[in-house]
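**Student:** Turn this into a model:
(one chain, ligands or ions: 1)
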Amino acid sequence: MKEILLQKIKNRDICVGVVGLGYVGLPLAVEIAKNQFKTLGFDINKEKVSLINAGINYIQDVQNETLAEVVDKKFLYATTDFSCLKSCNFIIICVPTPLDKHQQPDISYIRSSVEVISQYLEKNTVVVLESTTYPGTTEDLVKSILEEKSGLKCETDFYLGFSPERVDPGNKTYKTHNTPKVVGGIGKDANFIIAEMYREVLDSEIFEVSSPAVAEMEKILENTYRNVNIGLINEMAMLCNEMGISIWEVIDAAKTKPYGFHAFYPGPGLGGHCIPLDPCYLSWKAREYGFHTTMIENSMMINDRMPEYCIERASKLLNSFGKSLNGSKVLILGISYKEDVADYRESPAIKVIQALIREKALVNFYDPYVPEYINGEVVMEGLTEITPQITASYDLVIITTAHTNIDYCMIQENANLIFDTRNVMKNIVKRDNIEVL
Ligand SMILES: NC(=O)c1ccc[n+]([C@@H]2O[C@H](COP(=O)([O-])OP(=O)(O)OC[C@H]3O[C@@H](n4cnc5c(N)ncnc54)[C@H](O)[C@@H]3O)[C@@H](O)[C@H]2O)c1
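**Tutor:** Alright, predicted model coming up:
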C-alpha cells in the first residue's frame with residue numbers, strides 16, 4: 001500500500017477529498033488543487049458548494065483569482081454528494097468541533113463525517129483528521145468507526161492519521177501553504193505517506209510525531225498556551241488598573257527582554273472558534289484520568305469575566321461624568337473577534353453588547369467587516385458608516401476590536417467619551433476623552 005500510494009502521489013494520480021469547506025477546509029482544498037491534484041470538496045452546505053463551483057470565494061484568506069482558476073481548470077470541484085468519496089484516495093476531514101450547551105466537546109460533526117466516509121472507504125486510501133479535538137479521538141473514535149463500518153483494517157487496508165490545522169485568519173505572513181505542519185499517523189508507513197502528501201502541496205516544514213495523540217495534544221497545547229497567557233495578562237490588566245499602572249506600558253517594557261518573554265495583550269475576552277473552546281476539550285478528557293486542568297479552569301474564569309469587567313469600567317467612566325449606563329447611547333466599534341477579519345464566532349464584543357442591553361443602554365455597533373451579525377434567531381444590524389456627526393451623537397464609544405481601517409483620529413476628535421479595550425489609540429496625543437483598559 002505504501003509504494004502504491006507514494007507512486008500515485010508523485011504522479012498526481014491521486015484524488016483528494018476535503019470534507020468541510022470552511023475557514024480551514026477551503027484554503028487547504030485550494031492549496032491542494034493549486035498543486036494540480038484533482039480535489040473534491042465535500043460540504044453539507046449547498047450554498048457553499050454552489051459558490052465554489054461558480055468560482056466565487058467566501059473565505060477572506062483565499063484569493064478570489066486562485067479559487068476561480070483551480071475551479072476553471074477543473075482541479076477543484078465541490079459537491080454535497082458524499083458517494084463521490086469512493087473516488088478519493090486521500091481524505092482530509094475539516095469539520096467543526098464546537099462545545100455543546102454544557103461546554104463539553106461536541107464531536108458529532110466528526111462522528112457523522114467519519115460514518116459517511118466509512119460507507120465509501122476503499123482499500124489503499126488515506127484518511128487524515130485536521131479538526132482540533134482531544135487526544136485519542138483519531139485512534140479511539142475515528143479508527144473504530146472506519147474499521148467497524150467499512151470492514152477494512154487500519155494500517156493494512158487504509159492509513160489513518162491526525163494533522164492539526166494551524167490557520168490564523170487574517171495573518172498577513174503565515175497562510176496555509178507556509179505554516180509548518182505536524183503529522184501523526186497510526187504506524188510509520190501512514191506517517192510517511194501523509195507527510196509526503198503534505199510535502200507535495202505545502203512550502204513549509206512537515207514535522208512528524210510518533211502518534212495521532214501527540215499531534216492532537218500539541219495542537220491543544222498551542223491553543224491552551226495562548227488561552228492561559230491571555231488569562232494571565234487580563235488578570236494583570238485588572239490589577240494594574242487598581243494600582244494606577246498602565247498594563248500596556250508594562251508589556252512594552254517587558255517585551256524589550258530579548259528572551260524568555262512573549263507579549264500577550266489584554267482585551268474584552270476571548271473569541272474565535274479555537275482559543276476559547278479547544279482547552280475545554282482537554283479539560284473534559286483530563287477528567288477521565290481523574291485530573292483537573294486547574295490552569296485552564298482559572299484562565300477560563302478570568303477570560304470569561306472580561307466582558308462584564310469592561311462593562312463595569314464603562315459604567316464607572318460614565319458615572320464620573322454624571323451619567324449612567326441605563327439610557328446612555330453606546331457605540332461599539334468592532335464585532336469580529338480579532339482585527340481585520342469578518343469572523344465573529346464567540347466574539348467578546350457580542351457579550352459586551354448583551355451586557356449593555358441588560359443594563360438598558362441604547363447600543364449600536366459599527367464594524368467595517370461585519371455589517372450585521374446573527375445572535376440566536378435575531379439578526380443585529382450595525383451602522384453602515386461612521387461619521388463625525390454619528391460619533392458625536394453617542395455618550396460613549398467602546399472599542400472592542402483593533403481594526404486597522406477605522407479613522408481613530410476622527411473618533412477621538414468627535415466622541416464624547418471613549419473606552420479603548422485594545423489600546424488602538426495609543427499613538428493619539430490628545431487623550432482627555434480616552435480611557436484605556
Ligand atoms: N478557524 C480557524 O481559525 C481554525 C484554526 C485552526 C483549526 N481550526 C479547527 O478546524 C476545524 C474546522 O474549523 P473551521 O473554522 O474551518 O469551521 P467552519 O465552520 O468554518 O467550517 C466547517 C465546514 O464543515 C461543514 N460541515 C459540517 N458538518 C459536515 C459534514 N458532516 N460533512 C461535510 N461538511 C460538514 C460546514 O458546513 C462548514 O462549511 C475545527 O475543528 C477548528 O477547531 C480552525
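
**Student:** gap between the two ends of stretch 401-414?
**Tutor:** Stretch 401-414 stretches 19 Å from its first residue to its last (Cα to Cα, to the nearest Å).

**Student:** Low-confidence stretches in the stretch 1-150 of the chain?
**Tutor:** When residues are selected by pLDDT under 70, none of them lie in the stretch 1-150 of the chain.

**Student:** And the strands in it, which stretches?
**Tutor:** Per DSSP state E, counting those that start in this stretch, the stretch 1-150 of the chain carries strands over the ranges 15-19, 38-42, 76-79, 90-93, 125-129.

**Student:** Save the ones you listed as TSV, and put in mean neighbour count and distance to the ligand too.
**Tutor:** Using the backbone N, CA and C atoms, a C-beta is placed for each residue, glycine as well. What follows is the strands of the stretch 1-150 of the chain, written out as TSV (neighbours: other Cβ atoms under 10 Å; distance: least, Cβ to the nearest ligand atom, whole Å):
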stretch	mean neighbour count	distance to the ligand
strand 15-19	26	5
strand 38-42	24	5
strand 76-79	22	10
strand 90-93	25	8
strand 125-129	26	9
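
**Student:** Quick one: these as JSON lines, columns for distance to Pro307 too.
**Tutor:** Rendered in JSON lines, the data for those read as follows (distance: least, Cβ to Cβ, whole Å):
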{"stretch": "strand 15-19", "distance to Pro307": "34"}
{"stretch": "strand 38-42", "distance to Pro307": "36"}
{"stretch": "strand 76-79", "distance to Pro307": "37"}
{"stretch": "strand 90-93", "distance to Pro307": "33"}
{"stretch": "strand 125-129", "distance to Pro307": "33"}
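
**Student:** Around the ligand, pick out the residues from the stretch 301-437 of the chain.
**Tutor:** With Cβ under 6 Å from any ligand atom as the criterion, the stretch 301-437 of the chain does not meet the ligand at any residue.

**Student:** For the ligand, what's the nearest residue on the stretch 301-437 of the chain?
**Tutor:** Minimum separation of the stretch 301-437 of the chain from the ligand (Cβ to the nearest ligand atom) falls at Asp343, amounting to 7.0 Å.

**Student:** That residue reaches Ser336, doesn't it?
**Tutor:** Yes - the pair formed by Asp343 and Ser336 meets the contact definition of Cβ atoms under 8 Å, at 5.7 Å.

**Student:** more crowded one of the two?
**Tutor:** Neighbour tally, Asp343 and Ser336, criterion other Cβ atoms under 10 Å: the higher count belongs to Ser336, 25 against 20.

**Student:** if I've got this straight, the more buried one is in a strand?
**Tutor:** No - residue assignment for Ser336, taken from DSSP: H, G, I helix; E, B strand; the rest coil, gives coil, which places it outside any strand.

**Student:** Is it correct that it is in contact with Pro368?
**Tutor:** No - judged on Cβ under 8 Å, Ser336 makes no contact with Pro368 at a distance of 9.4 Å.

**Student:** What score does Gly376 have for pLDDT?
**Tutor:** Residue-level confidence at Gly376 comes out at 82, pLDDT.

**Student:** do the same with the one 3 residues further on
**Tutor:** We have a pLDDT of 93 for Val379.

**Student:** Over to the one 4 residues further on?
**Tutor:** As predicted, Leu383 sits at a pLDDT of 97.

**Student:** need the contact list for it.
**Tutor:** Leu383 is in contact with 331, 364-366, 390, counting by Cβ atoms under 8 Å, 6 or more residues apart in numbering.

**Student:** Please apply the same query to Ser283.
**Tutor:** 292-293, 296-297 are the contacts of Ser283 under Cβ under 8 Å, 6+ apart.
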